[in-house]
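S.K.: structure for this input, please:
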Amino acid sequence: SRGRGSLRAGGELPRQWGSLWPVAAVDVHTSREVEALNGTNVRLKCTFSSSSPVSQRVTVTWNFQPQGTNSPESVLYYHEEPYPPTSGRFKERVTWDGNIDRNDASIVVWNLNPTDNGTFTCQVKNPPDVDGTIGEIQLRVVQQVHFSEIHILALVIGSACALMIIVVIMVVVWRHYQNRRGQEKSTEMVETELNTSFYLLNQGVRQILITF
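M.R.: So this is what the prediction gives:
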């Protein structure tokens, strides 16, 4: 008919148009790659944003896929409170370190070992926002931390700043020493002049007494 495809009465859109409207979704942010030293602990940061207000219905699901396999393993589940795994490689090795009110869903993995090499995923659902991206973190457990160019640059800048501070302290100490030495010299000169005056005065008195 003639009116098909137009707005319906009361401002309602045709049902077919609903699929053209953007669907609200949770956007998850993680650091793509993390390198940590064997035997240490690592914080896996995961933050999120949602078009809906954050509520108590938020759920967070952390999974792990070991390197070279396609079998994901449960790491931690959060809904109002954290539920760490009761079995598996991460039993008693994972703690919740996030804050839902601050859109933080991070965790800490303790006592890393080479078997922890793989991909960690962080998925957040905030009903009605239940779709969205899944954050991934590629973890590499190494025997020795490799310094990147940024780390080397930071080390060089830090060393230069430390050297400048040491030089400034040495200059201040040297000036203070010079000023103090100058004051000591001035004191010695005054004492010498006083002693000379007393000596001359004493000699004069003796000459007068001899004369009489």
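
S.K.: give me every residue that touches Phe90.
M.R.: Contacts of Phe90 were listed using C-beta atoms under 8 Å, 6 or more residues apart in numbering, and they are 64, 73-76, 84, 109. For every residue, glycine as well, the C-beta is placed using N, CA and C.

S.K.: at 6 Å what do you get?
M.R.: Val75 (C-beta atoms under 6 Å, 6 or more residues apart in numbering).

S.K.: assumed it was part of a helix.
M.R.: No: secondary structure of Phe90, determined by DSSP: H, G, I helix; E, B strand; the rest coil: coil, with no helix assignment.

S.K.: look up phi and psi at it.
M.R.: When read as degrees, to the nearest 10, the backbone of Phe90 gives phi -100, psi 10.

S.K.: low-confidence regions, the chain specifically.
M.R.: For the chain, applying pLDDT under 70 flags the ranges 1-24, 145-154, 184-194, 196-201, 204-212.

S.K.: for the protein, just list every one of the helices.
M.R.: 149-211 (DSSP state H).

S.K.: spatially nearest residue to Glu92 (excluding sequence neighbours)?
M.R.: Excluding the flanking residues, the one nearest Glu92 by C-beta to C-beta, 6 or more residues apart in numbering is Pro84, at 7.6 Å.

S.K.: and that neighbour, how far from Phe90?
M.R.: 7 Å (C-beta to C-beta, to the nearest Å).

S.K.: returning to what we had before: surely the residue nearest to Glu92 meets Val94?
M.R.: Yes: with contact defined as C-beta atoms under 6 Å, Pro84 counts as touching Val94 (5.2 Å).
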